[in-house]
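Peer 1: Structure for this input, please:
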Amino acid sequence: MGYMLRSVLLLGLLTGLFLFVGNLIAGKAGMTIALVLAGIMNFLAYWFSDKIVLAMYGAREIDYEEAPRLHRMVEELAQRAGMPKPKVYLIPMEQPNAFATGRGPSKGAVAVTAGILNLLDEEELKGVLAHEIGHIKNRDVLVATMAATIAGAISYLVNMFQWMLLLGGSREEGENQNPLSIVGSLLLIIITPIIATIIQLAISRSREYMADETGARLTGNPLALARALEKIHNYVYQIPANVNQGTAHLFIENPLSGHGIWELFSTHPSTEKRIGRLKELARQMGVYAF
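Peer 2: Model (predicted):
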C-alpha cells in the first residue's frame, strides 16, 4: 500500500509541476495544447506499445506443448493473482531478463529471454514470473503512461517557451529586458524537464518495488526472487544486449541502471536495495534461508 501511495503522491507532484510551469509559461491555452499533444502520443503508445515492444525484440508466442513447465507456472501465478493467464513469449536473447506488457490484467503478456531460462532454477524463475505478473496486476503500463503524458506535456511547454524567447522575447523587449529575467527563463528551460524526468523515473522505481512485493507475496518466497535478481544482475553486465533505452524500464533488470546520484536517473532501484527489501519482507513472512 505504501508503494501505491508513493506513486499517487509522485503523480500528484508531477501534475502540480505541470500546472505551475504551464500557467507561468503559456497560460491555460498553452497548457491545454501541450496536454492534448502529449495525451495523443501516449494514448497511441498505451494501445499499441505491447505489440511494438514484442516485435522490437523478436519475441514469439510459445504454446503449451513447447514449454509446459513455463505455462504451468504462469497459469498458477495468474490464478493466485485473481487474473486471466497472460500470454507467454520467448525472446531470442542470451542476456537473462524478462518483462511484462499489456494494458491490464485481461490484455497481459509475459516475455522471458532464452538466457533467463538457462540461468535460473524453478523457484527463482517463478519469482521472476510473479514479479512480471505483479506489474500486470498493478496496471503499471497505465500508471507509466499517465506519468509519461504529464512529463511530455511539461516538455512541450518548455519547448514552446524556448521558441517564444528565440523568436520574439528578446527582440520586443530589447535593452529593457531584465538580466535576472533572462537568467530565470534559462533556468526554467533547463531545470524543469530534469525535475519532471526525475519524478517520472521515481514513479517507475516505486512500481518496481511494488512488483517485487506483489510477486514475493504471490509465491510466498521473497528470497527466491532475491536470488534471481542477484543472478540476473551479475550476468546482465557480462552479456551485452541491444536494448533500446526507451524500453529499458520494462525489463526486470535494467542494464543502464546507475548507482549513487545516478540512481535518480535510473528507471530501476539498485539491485542491492531491492534484495535488501526482499530479505526484510522474508523476515516478516518467517522465511529465513537464502
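Peer 1: where does Lys137 sit relative to Val53, distance-wise?
Peer 2: In this view, Lys137 and Val53 are 19 Å apart by CB to CB, to the nearest Å. Every C-beta, even on glycine, is put in place using the N, C-alpha and C of the backbone.
Peer 1: In terms of packing, which of the two has more residues around it?
Peer 2: Lys137 (25 against 19; other CB atoms under 10 Å).
Peer 1: got a list of what the more buried one touches?
Peer 2: 81-83, 105, 214 (CB atoms under 8 Å, 6 or more residues apart in numbering).
Peer 1: Out of these, which is nearest to Ser185?
Peer 2: Among those, Thr214 lies closest to Ser185 (CB to CB), at 43.9 Å.
Peer 1: right, and that closest one touches Gly134 too?
Peer 2: Yes - at 3.2 Å, Thr214 counts as touching Gly134 under the criterion of CB atoms under 8 Å.
Peer 1: Give the residues shared as contacts by these two.
Peer 2: Residues touching both Thr214 and Gly134 (CB under 8 Å, 6+ apart) are Ala81.
Peer 1: Neighbour count for those two, which is higher?
Peer 2: Between Thr214 and Gly134, counting by other CB under 10 Å, Gly134 is the more crowded of the two (25 against 20).
Peer 1: Which is the succeeding secondary structure element to the helix or strand harbouring that one?
Peer 2: Assigned by DSSP states H and E, Gly134 falls within helix 122-137. Next along the chain after helix 122-137, taking DSSP H and E as the criterion, comes helix 140-164.
Peer 1: Report all helices and strands that that following helix contacts.
Peer 2: Judged by 3 or more CB pairs under 8 Å, 6 or more residues apart in numbering; DSSP states H and E, helix 140-164 is in contact with helix 2-25, helix 27-56, helix 179-219.
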